[in-house]
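Asks: The sequence and its predicted three-dimensional model are supplied below.
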Amino acid sequence: MTVKTLTASTISEALADARRQFGDDVVLLESHPPSADRPARIMIMAEPAATMSADGRSISRVIERVKSPEMAAAEASSRGSLLDLVVEDDAEDEDAFSLNIPSYNPPRGRARGRLFPADGAALRSIEEARPEEVTRVLEQLLETRFGTLHERLEGLEKKVEGMPASAGKWLRHPLFNRLLDRGVRAELVTELFFDATSGVDLDDEGLFWALARSLRDRLQACSPVRPYGSQLFIGVGGSGKTSMILRLLTQKNFFGRRRCGVIIATPGMESDRFYQDPTDLYRRAGIPVQNAGTVEEMDQAVARLDGFDHIFVDTPGLPWHPREMRDALAALKPLMECLVPVQTHFVIDATRALEEVDIDILRRMPVSPDIVALTHIDETARPGRVLEWMARAGLPVNFVGSGWKQNEGLSLFSPSAFAEQMLEA
């Protein structure tokens with residue numbers, strides 16, 4: 001007896017492959033339909049090729065399912081066989097299957113695709129001959145089933161963790177679960193429902209817009225502000241500062257119609273072997289660029305860009321550790337004193353753990369952020385965490401980047417649009 005796992009683009013193709021390899025009479029233990037990142041998968045029990053009969057068909061086998069003693073006693077006199085699992089190759093549902101249990105009779109009809117015959121006498125003889133194999137495979141099947149159940153229970157436990165008792169009346173609502181699935185904490189979802197339904201009865205459409213308004217109100221402090229003066233971009237390594245500046249300066253609906261230049265400020269970064277100088281990227285895009293590592297060099301760069309509408313300052317990636325970040329920003333601060341007024345954008349990759357970015361610590365840095373810019377917003381699996389971080393930070397969010405192409409994927413942040421996207425299916 002052999003247990004095999006086969007994969008194919010569909011369950012029907014996997015079953016056909018099983019019949020080609022092991023004959024028509026194989027036992028289907030488990031089946032999984034195809035998903036976005038993996039093919040269809042089936043687990044079968046079959047006789048090895050060496051024990052095939054002369055006509056090329058393997059001996060049929062069945063697995064005994066766990067049943068209560070009362071059910072076993074009731075069936076002992078009328079049924080000597082175990083549960084018959086009958087799989088139909090249905091064109092409309094590739095994963096369709098039916099169980100022949102006492103309270104259910106499988107529909108009669110075409111037998112095409114039936115994996116093994118339901119012959120009770122033959123099955124009893126096989127079970128008596130090889131009980132240890134049946135027991136082993138049954139234990140494997142039960143272990144798989146219990147493992148899946150355990151994973152689902154763990155997921156449910158995380159989902160309702162911290163959920164107030166008052167959330168019970170909304171727990172089954174699709175919008176409640178949609179927000180939970182998108183990473184919004186259960187406590188905040190409950191607060192949103194309280195705010196949206198306070199003193200009024202709403203249908204589903206009215207509830208949707210009431211929740212959207214409640215979410216938008218929590219993000220009002222994040223509404224974009226008008227740019228002025230020089231624009232400084234800081235952020236940890238890999239957050240996408242250079243890519244965002246290139247998009248802002250090349251797209252006509254942002255700064256592409258204005259005369260703008262870039263200064264790459266690298267105080268004390270000349271010996272950093274991990275830093276990649278983006279000067280060539282700006283030159284290939286036709287953007288005037290200067291480099292400055294000292295106060296004197298910064299004065300000269302500003303003088304060369306005199307008369308430009310805006311000056312953008314690109315910087316090397318900041319370290320994650322607060323003390324090292326403070327040292328890097330302290331070295332940058334003297335270079336920025338000749339560029340007053342300056343708007344400081346803190347660029348954050350939305351796919352990273354935003355909980356590690358403490359906004360209170362950032363406010364106490366030598367160069368503190370005035371504005372937040374988000375990158376890779378379309379790649380985050382839990383936008384609810386981004387929403388909560390923005391609401392907690394209370395800083396304007398001017399620019400939101402998505403995708404990777406330079407000529408697209410950049411937009412002004414809109415609290416209303418973000419709230420609606422959080423609720424849409």
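Replies: Great, that's in hand. Remember, predicted model here, so these are calculated numbers, not experimental data.
Asks: Assess the claim that residue 309 and residue 259 are in contact.
Replies: Yes. Residue 309 lies in contact with residue 259 (C-beta atoms under 8 Å); the separation is 4.9 Å. Every C-beta, even on glycine, is put in place using the N, C-alpha and C of the backbone.
Asks: Now for the closest residue to residue 45 other than its chain neighbours, how many residues are close by?
Replies: Excluding the flanking residues, the one nearest residue 45 by C-beta to C-beta, 6 or more residues apart in numbering is residue 27, at 4.1 Å. Residue 27 has 23 neighbours, counted by other C-beta atoms under 10 Å.
Asks: same question, the one 5 residues further on
Replies: For residue 32, the tally of surrounding residues (other C-beta under 10 Å) stands at 16.
Asks: Residue 370 and residue 220, how far apart?
Replies: 17 Å (C-beta to C-beta, to the nearest Å).
Asks: So these two - more neighbours on which side?
Replies: residue 370 (16 against 11).
Asks: And the pLDDT for that one?
Replies: Predicted confidence (pLDDT) for residue 370: 95.
Asks: Over to it: give its phi and psi.
Replies: phi -100, psi -30 (degrees, to the nearest 10).
Asks: which residues are in contact with the helix or strand hosting residue 388?
Replies: Residue 388 belongs to helix 383-393 when assigned by DSSP states H and E. Contacts to helix 383-393, defined as C-beta atoms under 8 Å, 6 or more residues apart in numbering, come from residues 179, 182-185, 188, 215, 218-219, 221-222, 350, 354-355, 357, 359, 372, 374, 377, 380, 397, 418, 421-422.
Asks: Okay, buried residues for the next helix or strand after it please.
Replies: Heading C-terminal from helix 383-393, the first helix or strand you meet, by DSSP H and E, is strand 397-401. Neighbour-count burial for strand 397-401, counted by 16 or more other C-beta atoms under 10 Å, picks out 397-401.
Asks: what angle do strand 397-401 and helix 383-393 make?
Replies: Counting by axes from the mean of the first three to the mean of the last three C-alpha atoms, to 10 degrees, strand 397-401 lies at 160 degrees to helix 383-393.
Asks: Alpha carbons only: can I get stretch 335-350 in CSV?
Replies: C-alpha atoms of stretch 335-350 as CSV (Å, rounded to 0.1, in the frame of the first residue of the first chain):
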residue,chain,number,x,y,z
LEU,A,335,23.6,71.2,6.0
MET,A,336,19.9,72.1,6.0
GLU,A,337,20.2,75.4,7.8
CYS,A,338,20.8,77.3,4.5
LEU,A,339,17.7,75.9,2.9
VAL,A,340,15.1,77.5,5.3
PRO,A,341,12.2,77.0,4.9
VAL,A,342,12.2,73.2,4.5
GLN,A,343,9.4,70.7,4.5
THR,A,344,10.8,67.3,5.8
HIS,A,345,9.2,64.2,4.4
PHE,A,346,9.7,60.9,6.3
VAL,A,347,9.3,58.1,3.7
ILE,A,348,8.0,54.8,4.9
ASP,A,349,7.7,51.4,3.2
ALA,A,350,4.1,50.4,4.0
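Asks: Check whether residue 318 really touches residue 329, as I assumed.
Replies: Yes. Here residue 318 reaches residue 329: they are 7.1 Å apart, a contact under C-beta under 8 Å.
Asks: Looking at these two, which one has more neighbours?
Replies: Neighbours were tallied for residue 318 and for residue 329 using other C-beta under 10 Å; the higher tally belongs to residue 318 (23 against 20).
Asks: If the more buried one is in a bridge, with which residues?
Replies: Note on residue 318: beta-bridge partners residue 236, judged by DSSP bridges.
Asks: gap between it and residue 386?
Replies: Counting by C-beta to C-beta - residue 318 and residue 386 are separated by 20 Å.
Asks: Equivalent analysis for residue 417, please.
Replies: According to C-beta to C-beta, residue 417 stands 14 Å off from residue 386.
Asks: Looking at those two, which one has more neighbours?
Replies: Remark: of residue 417 and residue 386, residue 386 carries more neighbours, 22 against 14, as counted by other C-beta under 10 Å.
Asks: Could you pull up phi and psi at residue 235?
Replies: The phi and psi values for residue 235, taken as degrees, to the nearest 10, are phi 170, psi 160.
Asks: Next one: it, what pLDDT does it get?
Replies: pLDDT, residue 235: 93.
Asks: list the contacts for it?
Replies: Contacts of residue 235 by C-beta under 8 Å, 6+ apart are 241, 317-318, 346-348, 373.
Asks: Of those residues, just say which sits nearest to residue 265.
Replies: Proximity of the contacts of residue 235 to residue 265 was ranked by C-beta to C-beta; the top entry is residue 241 with 11.5 Å.
Asks: buried ones in stretch 312-327?
Replies: Those would be 312-318, 325-326, for stretch 312-327 by 16+ other C-beta under 10 Å.
Asks: Go through the residues you listed and flag which are in helices.
Replies: Counting by DSSP state H, the part of these found in helices is 325-326.
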